[in-house]
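Q: below are the sequence and a predicted model for it; my questions follow.
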Amino acid sequence: MIRLYARPIVVISGAAAVLLLAAAIGWDYRWQASGRVHVSPRWSIALEQRPIGTPFAEYYYRVQRFSRDGRDTSNLKPVELAPNGGGQTDLCLYRITTPAGRLVLEFVDRMEQSFVDAESFSRVDAVPPGSDRQFVGEFLEASPLTFVPAAPNNRCPHERAA
């Protein structure tokens with residue numbers, strides 16, 4: 001009879017692999033939403049996040065728009081933002097008013113930047129020069145997803161060229 005002796009490192013590695021697999025299978029892949037954030041007299045938004053598919057702090061983001069005058073906007077498709085693949089980070093929100101008077105929302109983290117035109121509710125590549133940029137607050141990755149309005153102790157703003 002042949003005796004097989006497992007080295008402790010093999011046993012520990014195998015147990016760790018089983019735990020990681022169980023965590024990945026049991027991970028919650030549903031969209032989680034923040035509360036509504038008022039960004040203008042007409043509109044409020046809610047940020048939604050969902051894990052990318054690993055047990056690490058990496059997320060897909062999208063934003064929903066709601067009318068503040070009571071009109072139903074639930075049929076609008078959410079706007080997808082740049083995913084966060086760089087580990088746990090907070091997402092900063094800026095309100096940008098273009099020289100033409102259009103409202104654009106800027107979402108910024110340490111790695112990525114996304115612009116959303118609030119009127120057409122679509123992504124745009126950039127904002128025109130001369131636009132006015134105002135810090136609104138930050139979304140914290142705490143569970144549940146939380147919005148913290150602009151205050152002197154915010155971890156934002158992450159400086160990016162608007």
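A: Received, thanks. Quantities reported herein were computed from a predicted structural model and do not represent experimental measurements.

Q: residues near the closest residue to S114 other than its chain neighbours, how many?
A: Closest residue to S114 apart from its sequence neighbours, by Cβ to Cβ, 6 or more residues apart in numbering: L81 at 4.2 Å. Glycine gets a C-beta too; all of them are placed from N, C-alpha and C. Counted with other Cβ atoms under 10 Å, the neighbours of L81 add up to 24.

Q: does L81 touch V108 like I think?
A: No - counting by Cβ atoms under 8 Å, L81 stays clear of V108, with 10.2 Å between them.

Q: show me whatever sits in contact with both of these two.
A: In terms of Cβ atoms under 8 Å, 6 or more residues apart in numbering, L81 and V108 are both contacted by the residues S114.

Q: distance of the residue nearest to S114 from N154?
A: Plainly put, L81 is 19 Å away from N154 if you go by Cβ to Cβ, to the nearest Å.

Q: host element of Y94?
A: Y94 is part of strand 91-97, with elements assigned from DSSP states H and E.

Q: name every strand pairing with the helix or strand just after that strand and say which way it goes.
A: Using DSSP H and E, the helix or strand that follows strand 91-97 in sequence is strand 103-108. Here strand 103-108 is paired, per DSSP bridges, with strand 91-97 (antiparallel), strand 113-117 (antiparallel).

Q: can you give me how far stretch 102-120 is from the chain middle?
A: 11 Å (Cα atoms, centre = their mean, to the nearest Å).

Q: now the end-to-end length of it.
A: The first and last residues of stretch 102-120 sit 10 Å apart, counting by Cα to Cα, to the nearest Å.

Q: what does stretch 35-47 give?
A: 8 Å.

Q: what are the buried residues along stretch 85-104?
A: 89-96, 98, 102-104 (16 or more other Cβ atoms under 10 Å).

Q: for the residues you listed, which one is nearest P41?
A: L103 (10.0 Å; Cβ to Cβ).
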